[in-house]
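Asks: let me see the structure of the following:
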Amino acid sequence: MSVISAAGLNRAKKFFDSFQSVCGLPLLTERQLRASNKLVENLVEKRVQENPAKASSTLSRSQKKAAVLVPIACVQGKLSVIFTMRSDRVGSHRGQISFPGGHIDKDETAQQAALRELEEELNGNYNYGSAIEILGQAQTVPALTGTRVTPVIAALTDEIDDLSHIFDPHDDEVEFVFSRSVDELLKSEHIETLMRMDKAPTYPGPEGKIWGLTAIILSPILHQIIKPAFLEPSGKL
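Replies: Alright, predicted model coming up:
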């Protein structure tokens, strides 16, 4: 059963459409993006100098493109965002909270890559074929590895009661899957200082702190898409 309103989904799509001329929902200001790009260039150069034997793989990673999928869903009756805790066995960002995602394959769009990674990482018996609705894309931003990451936002339109009954995450990549309600996220938002930003959002919670690129992606989506489309008076779930 779909419990996320069609009206809310349509509003969210219209909000995303309004950002098409600037290549997606902005996540960073021009100044922040320039600072991030410069920081990444310096970090990549430093890694090459410190480990010349791995210079080729370091430079190759910095030139790759990736996509993540930001899944919103109704979990136990609450509008929520779904996250993964990365396994200790992955190559980077071990033990960190993230969105499902990975590198974009040749001849693959960001949306196709994000959907593929969602299904590969979360696995299980969710109806991936017909119960996912793409809402839009956000601005492409650099990870600290140099990889350019494009966030894709989608609604999982089937109601979810227990994530553990629906998803069976890929052990090599994902330790576990969890959700936080939009209300919890909005109430827990804090501002901290990161290398790339003077004022960066973070979201503490029982599973750990959502920070870094995941939080940078999440904050504008919460405030500029989800909240006005679904939670404000004309857009209640």
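Asks: ok, and for the strand or helix carrying K13, which residues are buried?
Replies: Assigned by DSSP states H and E, K13 belongs to helix 6-17. Buried residues in helix 6-17, counted by 16 or more other C-beta atoms under 10 Å: 8-9, 11-13, 15-16. Any C-beta I mention is one placed from the backbone N, CA and C, and that applies to glycine too.
Asks: same for the helix or strand following it, what does it pack against?
Replies: Per DSSP H and E, the first helix or strand lying C-terminal to helix 6-17 is helix 30-50. The contact analysis (3 or more C-beta pairs under 8 Å, 6 or more residues apart in numbering; DSSP states H and E) places helix 30-50 against helix 55-62, strand 141-142.
Asks: which one of the ones you listed has the poorest average confidence?
Replies: Least confident of those, judged by mean pLDDT, is helix 55-62 with a mean of 67.
Asks: now A73, nearest residue through space, not along the chain?
Replies: Excluding its sequence neighbours, the residue lying closest to A73 (C-beta to C-beta, 6 or more residues apart in numbering) is L156, at 3.9 Å.
Asks: where does this structure dip in pLDDT?
Replies: Scanning the chain for pLDDT under 70 picks out 1-3, 57-62, 88-95, 195-197, 233-237.
Asks: how much space separates the nearest residue to K209 once chain neighbours are set aside from S219?
Replies: Closest residue to K209 apart from its sequence neighbours, by C-beta to C-beta, 6+ apart: T202 at 5.7 Å. Distance of T202 to S219, computed by C-beta to C-beta, to the nearest Å: 9 Å.
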